[in-house]
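**Student:** one predicted model, sequence on top.
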Number of protein chains: 2
Amino acid sequence: MAKDNVLIVVAGPSGVGKGTVCSKVFKHMQDIEFSVSATTRQARKGEKEGVNYFFVSREKFDEMAANDEFLEYADVFGNRYGTPRKYVEEKLNSKRDVLLEIDIQGAMMVMERCPEALFIFILPPSFDELKKRLVKRGSESEEQLAMRLSKAKEEMSYAPKFDYIVVNDDLDSAAIEVISIIVAEKCSVKRNTHFIDGLIKS
Amino acid sequence: MAKDNVLIVVAGPSGVGKGTVCSKVFKHMQDIEFSVSATTRQARKGEKEGVNYFFVSREKFDEMAANDEFLEYADVFGNRYGTPRKYVEEKLNSKRDVLLEIDIQGAMMVMERCPEALFIFILPPSFDELKKRLVKRGSESEEQLAMRLSKAKEEMSYAPKFDYIVVNDDLDSAAIEVISIIVAEKCSVKRNTHFIDGLIKS
């Protein structure tokens, strides 16, 4: 049956593992289009231009923001991240679901502009576990780590504004939960009014 | 994580295959408790007392209804079906999710009494397909068949009052969709307020 396309927003505090969860989701749901963000931060080891991010200069980013070319953008620890609006709209119009893996700031902007999107908040099993993961990643200084943790605490208070929470305790379970949420969303009555009307009138 | 228990209501018109879908769901989600209804209708071939239904006399049924012992009950083509309230409450209190596979009349009663339940409407891919399935089942007379079809048409107009629709075109897909809806529901923010509060305060 024809189902409405969904803009899926997966957000969570830094270090919660939302990128890893989303990669796993993608493996099982290849029909979903992953949005590629633009960023001013430097590429981490293994990250590829146009696959993980579009790496752009600060000047280019600000020009795009001024031209209202982003669905959302945010400053995260001095680096900027943004979702190209045109890219997302094209995919949704061409009958694809689009997944945005973004930070909380960005998700809140999308919530204002596209309240009909599906909002999933990835949470750590505990605050201590989040700290462990950030330390293990080892890409931040002591000061950056403290800043991220304080920020994460504040960000978690936004979870009740989302539609769903997924606790990233076990990676496989978290991915299955995100997949289930997407499958369920496409069965929701609110996204199938045309189909139901057609069936009743048939 | 501790998640709130859910009362899951799966309903659909006669002949849509909701029983077959629910059996498939049960195979994959053995943690879920299937509610056993009381009915005054005669057992079909293969149906077992206490497993598929509690087969009771009309007198016993009416006595239970008068004593408010049913969460819902309905008269379906001259036979009565009811969900024992005590059975469902005990299971929910003992930390089990409970699934009710009932007709639309019954679902509408549960919607009034337990609006916090999860309501899933099983739809046929088309009205013609529903007709084919009822004919194939061959357990009804011509007159009964016409009555069921007319009733199904009326019942489908209640679909928009439910939370989700699942089209039973392919049995496996339908079962996966029901399972996904249940998994998603348990991740919904509204069913996890205690967990979120605890995490923010930790």
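**Tutor:** Structure received.
**Student:** for the rest of this, base every contact and every neighbour count on C-alpha atoms.
**Tutor:** Noted.
**Student:** helix/strand/coil for the residue lying closest to A:Asp163 once chain neighbours are set aside?
**Tutor:** In space, and not counting its chain neighbours, A:Asp163 is closest to A:Phe119: 5.2 Å by C-alpha to C-alpha, 6 or more residues apart in numbering or on different chains. Under DSSP: H, G, I helix; E, B strand; the rest coil, A:Phe119 falls in the strand class.
**Student:** now A:Phe119: how far from chain B?
**Tutor:** Taking C-alpha to the nearest C-alpha, to the nearest Å as the measure, A:Phe119 falls 10 Å from chain B.
**Student:** just list whatever residues bridge to that residue.
**Tutor:** A:Val9 (DSSP bridges).
**Student:** residue contacts, it?
**Tutor:** Taking C-alpha atoms under 8 Å, 6 or more residues apart in numbering or on different chains, we find A:Phe119 in contact with A:8-11, A:107, A:162-164.
**Student:** try A:Ile179
**Tutor:** A:25, A:29, B:180.
**Student:** helix/strand/coil for it?
**Tutor:** Following three-state DSSP, A:Ile179 is assigned to helix.
**Student:** how close does it get to A:Arg191?
**Tutor:** A:Ile179 sits 17 Å away from A:Arg191, taking C-alpha to C-alpha, to the nearest Å as the criterion.
**Student:** try A:Thr20
**Tutor:** With distances taken as C-alpha to C-alpha, A:Thr20 is found 28 Å from A:Arg191.
**Student:** ok, those two, which is more surrounded?
**Tutor:** More neighbours surround A:Arg191 than the other of A:Thr20 and A:Arg191, with 18 against 14 (other C-alpha atoms under 10 Å in any protein chain shown).
**Student:** my guess is the more buried one meets A:Glu116, correct?
**Tutor:** No - between A:Arg191 and A:Glu116 there is no contact under C-alpha atoms under 8 Å: 9.7 Å.
**Student:** please enumerate the strands of chain A.
**Tutor:** Assignment of strands within chain A using DSSP state E yields the ranges A:7-11, A:33-34, A:37-39, A:53-55, A:70-76, A:79-84, A:98-102, A:118-123, A:164-167.
**Student:** possible to save these as JSON lines with mean pLDDT?
**Tutor:** Formatted as JSON lines, the strands of chain A follow (pLDDT from 0 to 100):
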{"stretch": "strand A:7-11", "mean pLDDT": "97"}
{"stretch": "strand A:33-34", "mean pLDDT": "90"}
{"stretch": "strand A:37-39", "mean pLDDT": "92"}
{"stretch": "strand A:53-55", "mean pLDDT": "91"}
{"stretch": "strand A:70-76", "mean pLDDT": "89"}
{"stretch": "strand A:79-84", "mean pLDDT": "93"}
{"stretch": "strand A:98-102", "mean pLDDT": "94"}
{"stretch": "strand A:118-123", "mean pLDDT": "98"}
{"stretch": "strand A:164-167", "mean pLDDT": "97"}
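**Student:** mind putting those strands in TSV, distance to B:Phe55 included?
**Tutor:** Formatted as TSV, the strands of chain A follow (distance: least, C-alpha to C-alpha, whole Å):
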stretch	distance to B:Phe55
strand A:7-11	47
strand A:33-34	51
strand A:37-39	60
strand A:53-55	62
strand A:70-76	59
strand A:79-84	59
strand A:98-102	49
strand A:118-123	44
strand A:164-167	41
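**Student:** which residues touch the closest residue to A:Gln42 other than its chain neighbours?
**Tutor:** The spatial neighbour of A:Gln42 that comes closest, neighbours along the chain excluded (C-alpha to C-alpha, 6+ apart), is A:Phe55 at 7.3 Å. Residues counted as contacts of A:Phe55 (C-alpha under 8 Å, 6+ apart) are A:38-43, A:49.
**Student:** could you give the bridge partners of A:Phe55?
**Tutor:** Counting by DSSP bridges, A:Phe55 is bridged to A:Thr39.
**Student:** shaky segments in chain A?
**Tutor:** Under the criterion pLDDT under 70, the flagged ranges of chain A are A:1-3.
**Student:** at 80 what do you get?
**Tutor:** Residue ranges of chain A with pLDDT under 80: A:1-4, A:76-77, A:137-140, A:202.
**Student:** enumerate the residues of it near chain B.
**Tutor:** Proximity of chain A to chain B is confined to A:1, A:125-127, A:153, A:156-157, A:159-160, A:162-166, A:177-181, A:183-185, A:187-190, A:192-193, A:196, A:199-200, A:202 under the rule C-alpha under 8 Å from any C-alpha of the partner chain.
**Student:** just the buried members of the residues you listed?
**Tutor:** Buried members of these, counted by 16 or more other C-alpha atoms under 10 Å in any protein chain shown: A:125, A:127, A:153, A:156, A:159-160, A:162-166, A:177-181, A:183-185, A:187-190, A:192, A:196, A:199-200.
**Student:** which of those fall in helices?
**Tutor:** A:127, A:153, A:156, A:177-181, A:183-185, A:187, A:196, A:199-200 (DSSP state H).
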